[in-house]
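Participant: only the shape, not the letters, is given here:
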């Protein structure tokens, strides 16, 4: 099932319009056959001139095109912990950008002004992949993050940018809901170095009613990243009061993570604030975050964090063996550092020697909590 925008004509000669390859004609023998987009499990089936639910991919001249290549809703330099990634070069800076549109329809979207917009409303800046890689280098960023909206839908732009970044030694980070098909997923994660996947809940009922999608493809993506790639993986779940925060669901989800992905995958529980189409719900209480964190740790997840709240305890990394604070975090500001590290590898507790998985340097970065908006051109 898909929703289409039938009256928004795509100009094939407009800036940012490029061909794509993940699609097929449903009935080659029919002159009026629809074309199916095979990028994500929505499988939008399009007549000539139609756009998919994501809005930024559509059918023109009997093929599917992307309309946002090189066009961004803005750039900023963020702390890596804001993605959130707590075990991927802590304290480093990351150049972040997104485009517009989304292939999910989350009623609780907290970036809805970007993800739900028609791209002409928000895509005010143009930057080539090479320009982005050069800017990240000039700004001293350790990595580039494809974020704000889901990079799945600007697949071609993200991949070409990631390839350019690798030429400069810049790491690539995907912040994604993981809702993509098998072949595009392989190509996409082949050029990524780290990912934070938004596991929105652990029931298909929630996924269908609140996002218009399904749970299983997301679980497939998580298993693929963990077992078929070298991409560093962390997971985030936004806890929404009364919808996905029951103790039973959180325990089931945590058990699945431990058994299917392993106990060392960091798990972030973030606080919801009323937005978009769920403005009638309350903010997530601190108590709920604490309960979720305790459930996950009791289940065996070694690194569990709370987010979107001021919680120094819940934001910090602790040794799962002796309890020593390994990395202290106050919002996005790092404090305590008790890791023994060989550059670019996992660390170990300087008290008991237990391994702390992730990618670390001998000393943490010093970017801190700064967020700096920047402008690119050309």
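Facilitator: Nice, thanks for sending it over. Bear in mind the structure is a predicted one, so any value in this text is a computation, not a measurement. Numbers count the residues shown, from 1 in each chain.
Participant: C-alpha only now, for contacts and for neighbours.
Facilitator: Fine.
Participant: just to be sure, residue 160 is in a strand?
Facilitator: No. Secondary structure of residue 160 (DSSP: H, G, I helix; E, B strand; the rest coil): helix, not part of a strand.
Participant: ok, it touching residue 129?
Facilitator: Yes. Residue 160 lies in contact with residue 129 (Cα atoms under 8 Å); the separation is 6.1 Å.
Participant: neighbour count: those two, which is higher?
Facilitator: Shown here are residue 160 and residue 129; by other Cα atoms under 10 Å, residue 129 has more neighbours (21 against 17).
Participant: nearest residue to the more buried one other than its sequence neighbours?
Facilitator: Leaving out its chain neighbours, the residue that sits closest to residue 129 by Cα to Cα, 6 or more residues apart in numbering is residue 161, at 4.1 Å.
Participant: spit out the contact partners of that neighbour.
Facilitator: Residue 161 makes contact with 128, 129, 130, 132, 133, according to Cα atoms under 8 Å, 6 or more residues apart in numbering.
Participant: now, of those residues, which are buried?
Facilitator: 128, 129, 130, 132, 133 (16 or more other Cα atoms under 10 Å).
Participant: starting at the chain centroid, how far to stretch 24-32?
Facilitator: 35 Å (Cα atoms, centre = their mean, to the nearest Å).
Participant: next one: stretch 299-315
Facilitator: With Cα atoms, centre = their mean, you get 18 Å for stretch 299-315.
Participant: hmm, who's touching that stretch?
Facilitator: By Cα under 8 Å, 6+ apart, stretch 299-315 touches 251, 254-255, 257-258, 262-272, 286, 289-290, 293, 296-297, 316-318, 320, 328-331.
Participant: on the three-state scheme, the residue lying closest to residue 88 once chain neighbours are set aside is what?
Facilitator: Distances taken as Cα to Cα, 6+ apart put residue 359 closest to residue 88, at 4.8 Å, once the chain neighbours are dropped. At residue 359, secondary structure determined by three-state DSSP is strand.
Participant: for residue 359, list the residues it contacts.
Facilitator: 87, 88, 89, 232, 344, 345, 346, 347.
Participant: mind checking how far it is from residue 345?
Facilitator: 5 Å (Cα to Cα, to the nearest Å).
Participant: my read: residue 201 touches residue 237, true?
Facilitator: Yes. Contact criterion Cα under 8 Å: residue 201 and residue 237 qualify, at 6.8 Å.
Participant: residue boundaries of the helices in this structure?
Facilitator: With DSSP state H as the criterion, the chain has helices at 112-115, 119-122, 129-138, 155-167, 182-189, 204-206, 216-228, 247-256, 286-299, 312-315.
Participant: between those helices, which gets nearest to residue 45?
Facilitator: helix 182-189 (17.5 Å; Cα to Cα).
Participant: where does the prediction get shaky in the stretch 1-150 of the chain?
Facilitator: 1-8, 111-124 (pLDDT under 70).
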